[in-house]
Structure formats: C-alpha cells, structure tokens
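**Q** with the input below, show me the fold.
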Amino acid sequence: MKNNGTALLETDRLRLRRFTTTDIEQSFINWASDSNSSKYIAYYPHKNKSDTENMINQWIQSYENKCTYIWAIEVKETGEVIGNISASVPFAALEICEIAYMLGSSWWHKGYALEALKKVLDYLFSHEDFYMVEAKYNITNKASGKLLHKVGMKQDGILRHRRIDKESGERNDLAICSLLKSEYANESKLS
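**A** Here you go, the predicted model:
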C-alpha cells in the first residue's frame, strides 16, 4: 500500500478534493443538515453550523495522516460542495479500507454518487494499491445497495440490527459488501 492520502481527483462533472474551512457554510446547507441524507446512517443531521465547522476542522487536521481519505464532492460547473466520500483504514497491514459517502438529497439520482464512487475506487485500487474495498449500507436504503452492486461490489453478509431508524425507532440490518482488486481489474476491462 502506498498511502498518499487524499489526492485531488477529477471526473467530467466533479472535483474530489480535500475540505477547506471555506466549505463549512455550503456543507452545512447542502448536506450536513439534510435529514434525508442522514436517514439511513448513524450520523445525525447538524443542527447548527458550528457542528459542521468542528467536523470539517477535524478532517482538515486528519489530512496530516497519509492514511486519511476524505474528499469533498464538488460540482465543477457550480463550485458547490454537495457531499463527501471517504475511505477509512482500520488496519493498514490488511490492505483493506471501508468506503462511505453522503450526498445532499437535492443531488440524488443525478449520477454524482456513482461518478464519485468509481473515481475513488480507481484511486484506491490503482494508485493506493488496496487489496480490498468494503462498504456497509442500511438494507432499507435500496438505492445505496444498488449503487454498490453497480460498481461491482458483492454482498458478503448481513450485520443484524446495526442501525436504528430515526423516525420509527426500529432496528435495521446492515449489508456488508466488498470488491477485491482482482475483481475490480476484471470489471474495468469489461467497461
């Protein structure tokens, strides 16, 4: 594994980059305070801008660690920060990371999450040399499951009762998926 950290990545429509303090306001408005965006995850929407400021300042400090992968998802055309995508590396020796993403609900169903996810997977496998990338999603979030399978991830199992529905209080399961570098290479050849 190379561990170059959060590098600048670009797609046709997106710029994936490190967060800066100038992103606090847009992040709070566009996704951090969006209750729809946090519906399926453990994250609670921010009630005030200082919550977003604290989170982004922590992320900025974490960039000193080359095992930190946290990108702002910026739309090139407008310059708006519409979400984030990250990869956590709990045990670097295993060469496995866990990817997560969050997009403001105003930008759902426009292909942005797929575009960002594909670019980050390419970076993690091709440049950082991870062996495996995994992800978890709340099984009630069908769109996220479909997205992960669309990039070639395969379901490994179910983690029972790992999330609580913020509205009903019911417990939901998480599905865990993964993609091996060898599978990614084969998928890339078919694309």
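
**Q** so where does the residue most central in space within the chain fall, helix or strand?
**A** Centroid-nearest residue in the chain: Tyr101, 2.2 Å away (criterion: C-alpha atoms, centre = their mean). Per DSSP states H and E, Tyr101 falls inside strand 96-103.

**Q** could you spell out the sheet neighbours of that strand, each with its direction?
**A** strand 81-88 (antiparallel), strand 132-138 (parallel) (DSSP bridges).

**Q** could those strands be laid out in JSON lines, adding mean neighbour count, distance to Lys181 and mean pLDDT?
**A** Where C-beta positions appear, they are placed from N, C-alpha and C, glycine not excepted. Shown next, in JSON lines, are these (neighbours: other C-beta atoms under 10 Å; distance: least, C-beta to C-beta, whole Å; pLDDT from 0 to 100):
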{"stretch": "strand 81-88", "mean neighbour count": "22", "distance to Lys181": "14", "mean pLDDT": "98"}
{"stretch": "strand 132-138", "mean neighbour count": "21", "distance to Lys181": "7", "mean pLDDT": "97"}
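
**Q** as a markdown table, the ones you listed with distance to Lys49 would be great.
**A** Formatted as a markdown table, the strands paired with strand 96-103 follow (distance: least, C-beta to C-beta, whole Å):
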| stretch | distance to Lys49 |
| --- | --- |
| strand 81-88 | 14 |
| strand 132-138 | 27 |
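
**Q** contacts for the helix or strand of the chain with the lowest mean pLDDT next, please.
**A** Sorting the helices and strands of the chain by mean pLDDT, DSSP states H and E puts helix 181-190 at the bottom, at a mean of 80. With contact meaning C-beta atoms under 8 Å, 6 or more residues apart in numbering, helix 181-190 is reached by Leu121, Asp122, Phe125, Asp129, Phe130, Tyr131, Met132, Val133, Val151, Gly152, Lys154, Leu179.

**Q** right, and the pair among the residues you listed with maximum separation?
**A** Asp129 and Lys154 (20.6 Å; C-beta to C-beta).
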